[in-house]
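> Any chance you could fold what I've pasted below:
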Amino acid sequence: MGPPALTALADPAFPPLRQAAAELGLRAWAVGGYVRDLLLGRTQPDLDIVVEDGRALDLAVRFAQLTGARSPVLFPRFGTAQVTWRDRLIEFASARAESYAADSRKPEVRPVSIEQDLRRRDFTVNAMLLDFDGRLLDPLGGRVDLERRLLRTPAEPERAFSDDPLRMLRAARLAAQLGFDLDPALLPAMRRLRERARPPVLSVERIHEELVKLLLSERPRRGLEILDEGGLLELLLPELAACHGVEQGNWHTHDVFGHTLLAVDKAAPDLTVRLAALLHDIGKPPTATPDGAFHGHDLVGAAMAEEVMTRLRFSRSETDNVSRLVRLHLRPVFYEPENWGAAAVRRLARDAGELLQPLLQLARADIAASAYPDAWKLDDLERRLQAVLQNEAKVLRPPVEGGDIMRIRGIGPGPEVGRLKAALTELVLEGELPPEREAISAYLAAHPEL
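Numbering: from 1, shown residues only. Modelled structure (predicted):
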């Protein structure tokens with residue numbers, strides 16, 4: 001790793017920060033992920049500033065004045081402030097210590113020296129300081145740990161994790177993002193303190209945020225393995241933990257749990273696709289039969305995925321999309337070029353809709369996580385699907401509206417309207433009816449037996 005000063009001095013925020021600190025007679029430094037990622041050569045757009053003597057708010061106000069930024073958002077109770085400058089978030093925090101009740105994540109905050117502040121941080125690689133002239137201050141050996149690619153807590157692990165149980169999830173996420181190993185003392189501490197990760201001590205919103213970051217990391221499989229080894233996965237995702245030891249045959253090379261983690265690793269770095277990969281086989285444990293089959297696991301898994309996503313506070317649209325992908329995930333995998341006619345291809349395009357590409361990405365990850373010999377067939381399926389989308393758009397749209405059906409048949413709203421609409425759609429998909437409203441309306445009127 002090269003000297004940080006050369007890159008640090010190019011940061012446009014440093015000159016006004018240096019000027020503001022000098023005018024106020026304060027000592028302040030960049031800290032945390034910004035310094036870590038600078039040394040690693042990674043992009044870190046946001047900037048965290050730590051300020052001595054409890055005067056973070058003063059420095060934030062003066063920095064905003066010097067740069068013409070909007071007035072800071074101030075949090076006097078916690079001694080923190082936020083300034084948005086050039087579409088960049090700069091956070092200011094006074095050096096502080098935090099004390100926690102055993103059943104709470106809400107800290108009691110008091111001002112301390114910078115050395116004490118660093119000792120209460122999550123990991124040594126996040127406890128390095130950089131002054132505004134580009135000089136590194138590293139009293140806890142964070143740079144050595146960075147070079148060793150090691151996550152180690154400044155305090156005893158049990159104290160660090162008890163103070164903030166989110167740090168257990170952050171250890172898994174940072175290992176996944178950075179490719180770091182954990183200090184040997186961390187996993188035993190996680191297992192002893194795993195109950196601290198349960199809501200309400202740890203909020204669902206914070207769990208959600210860390211899980212999303214882990215899934216979008218470069219090595220999501222490693223992060224999930226750490227959560228599992230630390231005893232946290234069965235608390236946060238018991239449906240996934242239940243896949244342990246569920247054996248499967250055919251082209252699978254792992255049990256359901258191992259296959260799932262490998263599929264997540266193989267999936268495109270898209271949140272919807274990786275969530276679907278994470279949950280695509282959770283329906284297998286409850287549907288497993290003695291002969292090794294998993295009949296209906298796609299439908300059972302879709303319902304379970306909806307429950308998981310709702311519990312973890314994902315949006316309604318995210319939940320619906322992931323559940324739908326889980327429900328459909330077998331369709332592309334079971335594609336048989338010689339047996340699928342045009343109608344079957346059209347039907348898949350219609351059922352997947354705007355999720356067609358994510359569904360194909362999920363199928364590719366599912367196949368890549370096994371020894372399936374016919375991965376090439378997805379290329380053929382995608383080619384045929386593209387032809388459908390380009391040339392047969394009318395076929396994929398609903399052929400008639402419910403109002404048309406009620407008017408032609410003289411019936412009111414109810415299940416019969418939906419049944420007739422589905423029957424007409426199938427006739428269009430099979431090529432027995434042209435996808436024209438007039439022709440479909442005429443057929444409906446002429447065939448009362450439909």
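> Burial check on G341, number of neighbours?
Per other C-beta atoms under 10 Å, the neighbour tally for G341 reads 10. The way it works is simple: take the backbone N, C-alpha and C, and place the C-beta from them, glycine included.
> before we move on, what about the one 3 residues further on?
Here the number of neighbours of A344 (other C-beta under 10 Å) works out to 16.
> What residues of the helix or strand harbouring it count as buried?
Here A344 sits within helix 342-352, counting by DSSP states H and E. By neighbour count on 16 or more other C-beta atoms under 10 Å, the buried set for helix 342-352 is A343, A344, V345, R346, R347, L348, A349, R350, A352.
> In TSV: those, plus pLDDT and distance to F63.
As requested, these are arranged in TSV below (pLDDT from 0 to 100; distance: C-beta to C-beta, whole Å):
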residue	pLDDT	distance to F63
A343	82	64
A344	88	62
V345	89	59
R346	85	59
R347	85	59
L348	92	56
A349	88	54
R350	84	55
A352	92	50
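> Need the max-distance pair from those.
Using C-beta to C-beta, those span at most 15.0 Å, a distance reached by A343 and A352.
> circling back: could you single out the nearest of the buried residues of helix 342-352 to E158?
The shortest approach to E158 among the buried residues of helix 342-352 belongs to A352, at 48.1 Å (C-beta to C-beta).
> Quick one: residues contacting the closest one.
L328, R331, L359 (C-beta atoms under 8 Å, 6 or more residues apart in numbering).
> circling back: wait, which of the buried residues of helix 342-352 is closest to A303?
The nearest member of those to A303, counting by C-beta to C-beta, is A352 at 18.7 Å.
> Kindly provide the distance from the closest one to L24.
As judged by C-beta to C-beta, to the nearest Å, A352 and L24 stand 59 Å apart.
> now F75
Taking C-beta to C-beta, one finds F75 at 19 Å from L24.
> before we move on, what about Y34?
Relative to L24, and taking C-beta to C-beta, Y34 is found at 21 Å.
> So for the two, which residue has more residues nearby?
Y34 (23 against 16).
> mind checking pLDDT for the residue nearest in space to the middle of the chain?
The residue lying closest to the centre of the chain (C-alpha atoms, centre = their mean) is V212, at 2.3 Å. With respect to pLDDT, V212 scores 98.
> Tell me if it really is in a helix.
Yes: applying DSSP: H, G, I helix; E, B strand; the rest coil, one finds V212 inside a helix.
> roughly how far apart are the residue nearest to it when sequence neighbours are not counted and L224?
Nearest residue to V212, sequence neighbours excluded (C-beta to C-beta, 6 or more residues apart in numbering): L271, at 6.4 Å. From L271 across to L224, the span is 15 Å (C-beta to C-beta).
> the more surrounded of the two?
Set L271 next to L224 and count neighbours by other C-beta under 10 Å: L224 wins out with 24 against 14.
> So for the helix or strand in which that one is found, what gets flagged as buried?
L224 is located in helix 220-229, with elements delineated by DSSP H and E. Residues of helix 220-229 classed as buried by neighbour count (16+ other C-beta under 10 Å): P220, R221, R222, G223, L224, E225, I226, L227, D228.
> I figured the fifth one was touching S217, is that so?
Pointing back at L224 there. No: applying C-beta atoms under 8 Å as the test, L224 and S217 come out as separate, 10.2 Å apart.
> Identify the contacts common to those two.
Counting by C-beta under 8 Å, 6+ apart, the contacts common to L224 and S217 are A176.
> I'd like the distance between the residue lying closest to A276 once chain neighbours are set aside and G414.
Among residues not flanking A276 along the chain, L325 sits closest, at 3.9 Å (C-beta to C-beta, 6+ apart). Distance, L325 to G414, using C-beta to C-beta: 31 Å.
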